[in-house]
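K.L.:
Using only what follows, build the 3D model:
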Amino acid sequence: MSVLLLAALLASIVTLIAIVFFCLRRQFRRAGRAASRWAVGAAIYVAILVVAAMPSYESTLKTGTPYCDDDMCMSVRNITRLPDPAGISYHFAIRLFTLANYGPRSAKGATVYLTDDRNRRFLPVFDPSAIPFDVEIQPGQSISTSLTFHVPTDARELAFAATMDRIQYASFIVGNGDLLHNPRLRLRIQ
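P.N.:
Reported below is the predicted structural model:
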């Protein structure tokens, strides 16, 4: 967890306790000053959070390279492009693994998709024979799975992206793009 987030959380708790204490002692003016300082601090933190989340970092997908979010990682073993009746099918052979030393990890709550230069999203096609992308992985274990996407022929500048479906505690860490709905991972496909 980010040190800045921990400091802000601790300062918020102390300030809110002080506000309650001032109100119980009928020191409403001091409570109001403390509440306004807390609001200014919260606004500054939110502004920093938004500004840090704005840059959209993008790199080129390289097969075999691990891409991690915290201690949950994936690497793309290979990409196969095949023509299909509606356009092109992209088949990704993926290895999922964790860097954690204890407890299971998963990509539960994550959505993976392909996107193009017009910001269209292409979700993976359901494949009952593939291991689900959000499977639990034990420390030291790796799982091989696959994802298939159907993309129309007019799609250009494709990128593999992953984002979280919901806001969680990590969404409030500075640099995380969840609050702005930016993908946590965005990799251009060559």
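K.L.:
Verify the contact between Asn101 and Gln138 for me.
P.N.:
No: in this structure Asn101 lies outside contact range of Gln138 using Cβ atoms under 8 Å: 11.1 Å. Just so you know, the C-beta spots here come from the backbone N, C-alpha and C atoms, and that holds for glycine as well.
K.L.:
what about stretch 156-174, average pLDDT?
P.N.:
For stretch 156-174, mean pLDDT is 69.
K.L.:
Pairing partners for Thr115 in the sheet, please.
P.N.:
Beta-bridge partners for Thr115, by DSSP bridges, are Arg121, Ala159.
K.L.:
Contacts only, for it.
P.N.:
For Thr115, the contacting residues are Arg121, Phe122, Leu158, Ala159, Ala161, Arg186, by Cβ atoms under 8 Å, 6 or more residues apart in numbering.
K.L.:
out of those residues, which one sits closest to Arg33?
P.N.:
Arg186 (43.7 Å; Cβ to Cβ).
K.L.:
Surely that closest one is within a strand?
P.N.:
Yes: Arg186 forms part of a strand when assessed by DSSP: H, G, I helix; E, B strand; the rest coil.
K.L.:
Pull out the buried members of the contacts of Thr115.
P.N.:
Among those, those classed as buried by 16 or more other Cβ atoms under 10 Å are Phe122, Leu158, Ala159, Ala161, Arg186.
K.L.:
Reformat those as JSON lines; add distance to Pro132.
P.N.:
Putting these into JSON lines (distance: Cβ to Cβ, whole Å) gives the following:
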{"residue": "Phe122", "distance to Pro132": "18"}
{"residue": "Leu158", "distance to Pro132": "23"}
{"residue": "Ala159", "distance to Pro132": "22"}
{"residue": "Ala161", "distance to Pro132": "18"}
{"residue": "Arg186", "distance to Pro132": "22"}
